[in-house]
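[1] what would the 3D arrangement of this be:
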Amino acid sequence: MKVTYLGHSGFLAETEKAYYVIDYIRGDLPEFSEKKSLYVLVSHAHRDHWNPGVFTDPKLQHAKLFLLGFDIKEPFEEMAREEPDLLRLPVAWVYPEKTVCTEEFSCDPLLSTDEGVAFLIREENTVLYHAGDLNWWHWNGDPEERNRERAQNFKKEVDKLQGIPIDAAFVPLDPRQEEAYRFCMDYCMETLDAKYVFPMHFWKKYELCRQYRESLKESHPDWYGRFQEIRFEGETFLLE
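    This is a model prediction of the structure:
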C-alpha cells in the first residue's frame, strides 16, 4: 500500500484494488490510473476537511463514488441548486453505524465527537481508519465536567475498534489543545491494533510530529516503530 499526505487531514491511500482520497482540501493529486477504482471520502463539512472543489476537480471526475458525511447533505443540495450537474455524481451519504458496501470495500462509520463521521474502510486485504474530527477534545478553561464528557464520548467510539487489525490509521494530533494535544494519539496508539499510525490535523506544525515520535523512544518503543512522522505535504510512504 502507498500512502501520500495531502495536507492537514488529507490522505491518498492506494491499495491493491483502489485509490481512496480522504478529506482532501489542497495539494497536488497524481494522475489516477483508470485500471483501479477511485473513491473520494469526506468526513464532514468543516472547510479544513471538505473542499467543495472535489466535485469539479478534473482528476476526480471519474470517481466511482463520493462517500460524504451526513452533515454535508444540506450544503451539497444548496450547491446543486446552482449547479444541477452535481446531482449526477455518484454519492453515498454516510451515517454513523450504517455500513456502506461497494464491490471493493465496506465502510463502517463512527460518530465524530465534533461533526460528521470517522471512517473504517475494510477492503479484502487492507483496513484503513480515518478519524475525521473524532478526537479527544480537551480545552483548557472549559468546565471539567464538559471535558470529562468529551473524553467519555471519544473513548466510547474508539473502543468499538478494539480487536480489529488495521493497516493504516490516520489520527489527530492537534497543537491547539496545548498539553492535551497528545490525548487522542496516545489513546489510539494504546487501543488500536494498527500497524502504521499517521498524525493529521496538526496545522502545519511538523515539529509536533517529530516531538511526539521522539517522546516515544524511551516510554513506548513499540509505539515508536508504528508512528509515522510526516515532514512535508506530498510525502509518500510505502507500507509493507
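
[2] going forward, measure contacts between C-alpha atoms and count neighbours the same way
    OK.

[3] now do the strands in the protein.
    Per DSSP state E, the chain carries strands over the ranges 2-7, 10-14, 18-22, 37-42, 65-69, 91-94, 100-101, 105-111, 117-123, 127-130, 165-172, 193-200, 236-238.

[4] of all those strands, which lies closest to Ala80?
    For the strands of the chain, the distance to Ala80 is smallest for strand 91-94, at 12.5 Å, taking Cα to Cα.

[5] got the buried residues for the closest one?
    91-92, 94 (16 or more other Cα atoms under 10 Å).

[6] how about stretch 79-99?
    Those would be 86, 91-92, 94-96, for stretch 79-99 by 16+ other Cα under 10 Å.

[7] look up how far Val158 lies from Arg182.
    Distance of Arg182 to Val158, given as Cα to Cα, to the nearest Å: 15 Å.

[8] repeat for Leu87
    Relative to Val158, Leu87 is positioned 34 Å away (Cα to Cα).

[9] what segments of this protein are helices?
    73-82, 144-158, 183-191, 206-219, 221-226 (DSSP state H).

[10] how far off centre is the longest one?
    Relative to its parent chain, helix 144-158 has a centroid offset of 20 Å by Cα atoms, centre = their mean, to the nearest Å.

[11] list the buried residues in it.
    147, 150-151, 153-155, 157-158.

[12] the residue most central in space within the chain: what's it in contact with?
    Closest to where the C-alpha atoms of the chain average out (Cα atoms, centre = their mean) is His130, at 2.9 Å. Shown in contact with His130 (Cα atoms under 8 Å, 6 or more residues apart in numbering): 22, 118-120, 169-171.
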